[in-house]
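> below: sequence and its predicted model.
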Amino acid sequence: MKAGQRNSALLRWHRHIGLVAAALVVVLALSGVALNHSDVLELDQRAVTTPLLLEWYDINTGGRWLSAERILLDVHSGRILGRYGPWLMDGAAILLLILAATGLIGWFRGRGGNGANDA
């Protein structure tokens with residue numbers, strides 16, 4: 001395989017991994033920002049009343065309630081997806097590491113040429 005073909009394949013993989021990772025980064029960023037300001041937003045005081053979420057958490061009635069903070073913590077960690085959710089988030093972290101590595105490889109390869117890609 002020639003160098004140009006390797007770079008093209010690397011760019012394709014980098015692009016596809018980047019699209020998947022971007023979706024997960026958006027979820028992590030939004031939930032992380034909300035959790036950082038949980039006191040101001042009073043997330044631990046806000047009761048979730050969405051029937052789908054209450055059913056997901058197996059909460060009927062009887063004085064039990066579900067806080068918005070618990071939902072955000074579970075979204076952020078992946079636990080909301082059940083037993084394999086944290087593994088999904090671990091996979092996302094690995095994708096981000098691969099994305100960083102392929103980006104650096106592509107950048108260094110581009111700089112080794114005639115200077116046309118230097119920025």
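Yep, it's here.

> tell me the spacing between residue 40 and residue 21.
Remark: distance between residue 40 and residue 21 (CB to CB, to the nearest Å) = 29 Å. Any C-beta I mention is one placed from the backbone N, CA and C, and that applies to glycine too.

> pull the distance from the lengthiest helix in the chain to the chain's centre.
Counting residues, the longest helix found in the chain (DSSP state H) is helix 3-36. Helix 3-36 has its C-alpha centroid displaced from the chain centroid by 9 Å (CA atoms, centre = their mean, to the nearest Å).

> hmm, residue 95 is touching residue 17, no?
Yes. Applying CB atoms under 8 Å, one finds residue 95 in contact with residue 17, separated by 5.4 Å.

> go through the one helix or strand residue 55 maps to and flag the buried ones.
Using DSSP states H and E, residue 55 falls within helix 51-56. Across helix 51-56, burial judged by 16 or more other CB atoms under 10 Å covers 53-54.

> tell me the mean pLDDT over that helix?
Looking at helix 51-56 alone, the average pLDDT works out to 88.

> how near is the most centrally placed residue in the chain to residue 91?
Residue closest to the mean C-alpha point of the chain, counted by CA atoms, centre = their mean, is residue 24 at 2.5 Å. Counting by CB to CB, the separation of residue 24 from residue 91 is 9 Å.

> tell me how far residue 104 lies from residue 21.
15 Å.

> repeat for residue 29
From residue 29 across to residue 21, the span is 12 Å (CB to CB).

> quick one on the thing from earlier: how about the contacts made by the residue nearest to the centre of the chain?
Neighbouring residues of residue 24 by CB atoms under 8 Å, 6 or more residues apart in numbering: 89, 92, 95.
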